[in-house]
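A structural model of the following input is requested.
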Amino acid sequence: MLTTLLALGALAQAQTAPIAFTGATVHPVSGPVVEDGVVVVQGGRILAVGPRGGTPIPPGAEVVDVTGKVIVPGLVDTHSHVGAGGTGELNERMGPLQPALTSIDTIDATHPSLELARAGGITTVNVMPGSGNLIGGQTAYLKLRDGRTVDELLLCSDRRSEVCGGLKMANGTNPQGSGGYPSTRMAAAAMVRNAFLTAKKGGPSKKKRKKDAEGTIATGDLTNDPLRQVMAGQRVVHFHTHRADDIVTAIRMGQEFGFTPVLHHVSEGWKVVDAIAAAGCPARSSSSTARAARKRPWSCASRRRRSSPPPGCPWRCTPTTRSPTAACSCAPAAWPSAAGCPRTRRSPRSP
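Model (predicted):
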């Protein structure tokens, strides 16, 4: 159902004459459901929505009868990895700072995940690199048209001269490691600051920096140009962050270098909601994150041992980290010297 209507929408974008879809049940973004509705589109834009008889159809418009169908607004997925064949293709481990990389170069427009997204009513996606690096690379804004190449799906006209996506950044434990990767949050923040300072001060002088017709910074410096575009407000930062202090660090980084990050995941955002609101940062969470946050006060108490301890020998469980989905470490809780209580410490397996 949705796939058919989305294909019709792609047809509408390819044609210059208006197209009127009539007879469907229409669910507008706001307002009541319209039975026996009319949707008029032209050049990929919606011109009119309303009931049949009360919505004028332009002269010369092609009329498509979709009686019995349902038309809904296209969904926008702001955090997607479709078309890449798995996150392994989106995490380049040759170093923690990779602003020159772009997810455009790993997207297969014929991958079945794009068709699945379309079938679910998703029409626009932000395909991002993974969170294995502090700066993972550039994201790609796609319209899920019926195309065979990624260039046919991009929301920009020319990927060589326009900004066609955002910049993926991450903090916390995901981008930590060895072999040049930071092992602490202090080192991670310092590395990111140094990258922005280098982009701000180094490279071609401001007088020599060329701009295209849209005013986009483009010097041919693949590493520093994306960071300069962020600081100039031309490229949006999409920031993977979970813990409360990591969220605050992401906000602070933006304040230091003049950008407002879009926060993704924000598992402990409820702890610093005032800071997020004061900074004006959009926050993209998920239902699983919300469920984990709601369970946080009692998550460990609810994770019982697979085999119960002897009577009178209670277990005290505490989270191993501050993450709401952390495993629990359980140990004897003030066990008495009563007969039948084990003397050795035992830790139950986390489910």
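
from now on I want contacts and neighbour counts done on CA atoms only, so please keep to that.
Noted.

longest helix of this protein, counting residues only.
If you go by DSSP state H, the chain has its longest helix at helix 185-201.

does anything pack onto it? Which helices or strands?
Applying 3 or more CA pairs under 8 Å, 6 or more residues apart in numbering; DSSP states H and E, we find helix 185-201 packed against helix 225-231, helix 244-257.

can you show me the CA trace of the shortest one as PDB?
Okay, so that is helix 225-231. Extracted C-alpha coordinates of helix 225-231, given in PDB (Å, rounded to 0.1, in the frame of the first residue of the first chain):
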ATOM      1  CA  ASP A 225      36.800  21.800   5.300                       C
ATOM      2  CA  PRO A 226      34.000  19.800   7.100                       C
ATOM      3  CA  LEU A 227      35.000  21.200  10.400                       C
ATOM      4  CA  ARG A 228      35.100  24.700   9.100                       C
ATOM      5  CA  GLN A 229      31.600  24.200   7.600                       C
ATOM      6  CA  VAL A 230      30.400  23.100  11.000                       C
ATOM      7  CA  MET A 231      31.800  26.200  12.700                       C
END
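
buried stuff in the helix or strand that comes right after that helix?
With elements assigned by DSSP states H and E, the helix or strand that comes after helix 225-231 is strand 237-241. Residues of strand 237-241 classed as buried by neighbour count (16 or more other CA atoms under 10 Å): 237-241.

His242 reaches His265, doesn't it?
Yes: His242 lies in contact with His265 (CA atoms under 8 Å); the separation is 5.9 Å.

in terms of neighbours, single out the busier of those two.
His242 (24 against 21; other CA atoms under 10 Å).

helix or strand for the nearest residue to Cys164 once chain neighbours are set aside, which one?
Using CA to CA, 6 or more residues apart in numbering and skipping residues adjacent in sequence, the residue nearest Cys164 is Cys156, 5.4 Å away. Counting by DSSP H and E, Cys156 is held by no secondary-structure element, helix or strand.

quickly note the distance from Cys156 to His265.
Noted for Cys156: a distance of 27 Å to His265, by CA to CA, to the nearest Å.

assess the claim that Thr67 and Gly23 are in contact.
Yes: using CA under 8 Å, Thr67 is in contact with Gly23, at 4.2 Å.

so what sits against both of these two?
Contact criterion CA atoms under 8 Å, 6 or more residues apart in numbering; residues shared by Thr67 and Gly23: Asp36.

please identify which of those two sits among more neighbours.
Gly23 (22 against 14).

contacting residues around that one?
Gly23 touches 35-38, 52, 65-69, counting by CA under 8 Å, 6+ apart.

give me that answer again for 7 Å
With contacts defined as CA atoms under 7 Å, 6 or more residues apart in numbering, the neighbours of Gly23 are 36-38, 65-67.

need these in JSON lines with secondary structure and pLDDT, can you?
Formatted as JSON lines, these follow (DSSP: H, G, I helix; E, B strand; the rest coil; pLDDT from 0 to 100):
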{"residue": "Asp36", "secondary structure": "strand", "pLDDT": "94"}
{"residue": "Gly37", "secondary structure": "strand", "pLDDT": "96"}
{"residue": "Val38", "secondary structure": "strand", "pLDDT": "96"}
{"residue": "Asp65", "secondary structure": "strand", "pLDDT": "96"}
{"residue": "Val66", "secondary structure": "coil", "pLDDT": "96"}
{"residue": "Thr67", "secondary structure": "coil", "pLDDT": "96"}
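
circling back to that earlier point, contacts for the longest helix of the chain?
Residues contacting helix 185-201 (CA under 7 Å, 6+ apart): 172, 182, 224, 227-228.

again, but for stretch 124-134
By CA under 7 Å, 6+ apart, the list of residues contacting stretch 124-134 reads 75-82, 87, 90-91, 96-97, 103, 136-137, 139-144, 168-171, 174-175, 240.

show me the shaky parts of the stretch 1-150 of the chain.
1-15, 86-87 (pLDDT under 70).

mind doing that once more with 50?
The stretch 1-150 of the chain contains residues with pLDDT under 50 at 1-8, 12.

ranges for the strands of it?
Under the criterion DSSP state E, counting those that start in this stretch, the stretch 1-150 of the chain contains strands at 19-26, 34-42, 45-51, 62-65, 70-71, 75-80, 122-127, 135-138, 140-143.

which among the ones you listed is found nearest to Gly280?
The closest of those to Gly280 is strand 75-80. By CA to CA, the value is 17.6 Å.

for the closest one, C-alpha coordinates in PDB please.
C-alpha atoms of strand 75-80 as PDB (Å, rounded to 0.1, in the frame of the first residue of the first chain):
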ATOM      1  CA  LEU A  75       8.400   9.600   7.900                       C
ATOM      2  CA  VAL A  76      11.800  11.100   8.400                       C
ATOM      3  CA  ASP A  77      14.500   8.900  10.000                       C
ATOM      4  CA  THR A  78      17.100  11.200  11.500                       C
ATOM      5  CA  HIS A  79      19.400   8.300  12.600                       C
ATOM      6  CA  SER A  80      19.800   5.600   9.900                       C
END
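
which strands and helices sit next to that strand?
strand 122-127 (3 or more CA pairs under 7 Å, 6 or more residues apart in numbering; DSSP states H and E).

how far out from the middle of the chain is the strand it packs on?
10 Å (CA atoms, centre = their mean, to the nearest Å).

who does it pair with, and is each partner parallel or antiparallel?
Note on strand 122-127: by DSSP bridges, its sheet partners are strand 75-80 (parallel), strand 140-143 (antiparallel).

many thanks, have a good one.
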